[in-house]
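Participant: give me a model of this one.
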Amino acid sequence: MRCPKCNYISFDTPERCRNCGYDFSLLSQPAPPVDLPIRSTNTPIGPAPDLPLSSSRRADRDVGGSAATRQASVSASTPGGLDLPLFHEPVPGVDDTPLITSPAPPRAPLAVRRSSDTPRPRTVSATPAATPRLEFTPDPSAFPGRPAPPPTADEEVQHPANGAEPVASPPLARRLGAAAIDALLVGLIDAVVLYFTLKLTGLGAAEVLSLPVLPLLGFFALLNGGYLVGFTTASGQTIGQMMMDVRVVGGRSERVPLGQAIVRTAMLVVAIAPLGLGLLPMFLADDGRALHDRLSGTSVRRA
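Facilitator: Numbering: from 1, shown residues only. As a prediction, this is how the structure comes out:
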């Protein structure tokens with residue numbers, strides 16, 4: 001029984017609801033049954049009868065039927081009462097010959113069809129004539145009073161190695177003065193770095209040897225080498241060379257490439273290491289090129 005107040009379902013017939021206590025006697029009519037009634041009849045329900053779809057099937061299922069009866073049923077089932085030669089003997093007087101006796105060969109797809117042997121005419125556009133350009137190269141000898149224009153960055157700098165006249169080297173005092181200024185600046189930078197390193201580590205000046213030697217020397221090498229390589233690649237002049245009006249040029253152009261500047265700096269260390277013997281060609285050679293300039297293919301001239 002289902003309670004009409006709280007919809008509680010019970011499987012017996014009590015006077016009150018077991019959930020909310022509702023009195024079932026207040027109902028004006030009995031509550032409808034919860035479940036559907038169960039079929040009580042014993043009549044079996046079998047499958048639907050198998051009805052024939054046409055008279056031809058009834059004739060086919062007829063075991064005692066004759067061939068004439070089956071033939072008549074098939075003829076009656078076809079339109080116009082004509083027999084089909086696909087299933088039975090051909091009907092006299094009826095021409096059922098197919099219209100196409102031999103299969104046609106398949107055509108090639110469009111992607112592989114060959115074009116005709118006659119080529120299509122192509123329109124040949126006339127090539128426009130090149131626009132004439134006026135090029136004028138002034139002759140310096142025609143204007144003796146006018147100074148020659150300065151060489152550009154793409155012009156080659158001639159050295160004694162390629163058979164041309166050597167470029168005049170700046171005075172030796174200028175080169176030594178530029179080297180002294182650069183050494184003073186690099187030494188000052190190294191001293192500042194060493195001072196702040198001791199301050200950060202809390203060591204005194206007498207305890208400088210307690211610092212790790214290899215990392216410190218490696219840092220100084222990167223710092224000093226970066227100073228020389230950076231200024232030489234950027235403008236061809238370090239700060240000391242700017243002050244002494246001296247410039248480093250490459251082997252084929254005015255500007256020194258990065259790789260050539262790195263080789264020149266590394267060879268400078270090699271030239272100074274054996275007590276400065278690699279710098280002797282700067283004092284003895286006519287072109288004033290030291291060992292690091294010869295190995296790197298650079299030269300020093302006035303700016």
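Participant: low pLDDT regions in the chain?
Facilitator: The model of the chain has pLDDT under 70 over residues 28-41, 43-46, 48-49, 51-91, 100-104, 108, 110-121, 123-168.
Participant: please repeat the previous calculation with a cut-off of 80.
Facilitator: 1, 12-14, 24-169, 251-254, 303 (pLDDT under 80).
Participant: can you give me the strands in it?
Facilitator: In the chain, strands defined by DSSP state E lie at 246-249, 299-302, listed in chain order.
Participant: now these in a markdown table, with distance to residue 187 and mean neighbour count?
Facilitator: C-betas here are computed from N, CA, C, even on glycine. Compiled in a markdown table, these are given as follows (distance: least, Cβ to Cβ, whole Å; neighbours: other Cβ atoms under 10 Å):
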| stretch | distance to residue 187 | mean neighbour count |
| --- | --- | --- |
| strand 246-249 | 20 | 22 |
| strand 299-302 | 22 | 20 |
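Participant: out of those strands, nearest to residue 264?
Facilitator: Evaluated over the strands of the chain, closeness to residue 264 peaks at strand 246-249, with 7.4 Å, by Cβ to Cβ.
Participant: can you name every helix or strand that the closest one contacts?
Facilitator: When contacts are defined as 3 or more Cβ pairs under 8 Å, 6 or more residues apart in numbering; DSSP states H and E, strand 246-249 sits against helix 172-201, strand 299-302.
Participant: dump the strands of the chain into JSON lines; add distance to residue 50 as well.
Facilitator: Formatted as JSON lines, those follow (distance: least, Cβ to Cβ, whole Å):
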{"stretch": "strand 246-249", "distance to residue 50": "111"}
{"stretch": "strand 299-302", "distance to residue 50": "114"}
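Participant: return the most buried member of the helices and strands packed on strand 246-249.
Facilitator: Using mean count of other Cβ atoms under 10 Å, the stretch among these with the largest mean neighbour count is strand 299-302, at a mean of 20.
Participant: report all helices and strands that that strand contacts.
Facilitator: If contacts are counted by 3+ Cβ pairs under 8 Å, 6+ apart, strand 299-302 sits against strand 246-249.
Participant: over to residue 275: give its phi and psi.
Facilitator: Here the main-chain torsion angles of residue 275 (degrees, to the nearest 10) amount to phi 60, psi 30.
Participant: re the thing from before, and residue 219, which of the helices and strands packed on strand 246-249 is closest to it?
Facilitator: The closest of the helices and strands packed on strand 246-249 to residue 219 is helix 172-201. By Cβ to Cβ, the value is 7.5 Å.
Participant: other SSEs contacting the closest one?
Facilitator: Contact partners of helix 172-201 among helices and strands, from 3+ Cβ pairs under 8 Å, 6+ apart: helix 213-234, helix 239-243, strand 246-249, helix 280-284.
Participant: repeat the analysis, applying 6 Å as the threshold.
Facilitator: Taking 3 or more Cβ pairs under 6 Å, 6 or more residues apart in numbering; DSSP states H and E as contact, the helices and strands that helix 172-201 lies on are helix 239-243.
Participant: got the buried residues for the helix it packs on?
Facilitator: Of the residues in helix 239-243, those buried by neighbour count under the rule 16 or more other Cβ atoms under 10 Å are 240-242.
Participant: re the thing from before, could you point out which of the helices and strands packed on strand 246-249 sits nearest residue 292?
Facilitator: Shortest separation from residue 292 across the helices and strands packed on strand 246-249 is recorded for strand 299-302, at 10.4 Å, computed as Cβ to Cβ.
Participant: other residues contacting that closest one?
Facilitator: With Cβ atoms under 6 Å, 6 or more residues apart in numbering as the test, strand 299-302 has contacts from 167, 170, 248-249, 289, 293.
Participant: quick check, nearest of those residues to residue 276?
Facilitator: In terms of Cβ to Cβ, no member of those lies closer to residue 276 than residue 293, at 14.6 Å.
Participant: show me how the chain divides into domains.
Facilitator: The chain breaks down into these domains under automatic domain parsing: 1-34, 161-302.
Participant: show the contacting residues for residue 19.
Facilitator: Contact partners of residue 19, counting by Cβ under 6 Å, 6+ apart, are 6, 8.
Participant: repeat that for 8 Å
Facilitator: Taking Cβ atoms under 8 Å, 6 or more residues apart in numbering as the criterion, residue 19 is in contact with 3, 6, 8.
Participant: check residue 175 too.
Facilitator: Contact analysis of residue 175 by Cβ under 8 Å, 6+ apart lists 244, 246, 282, 288, 300.
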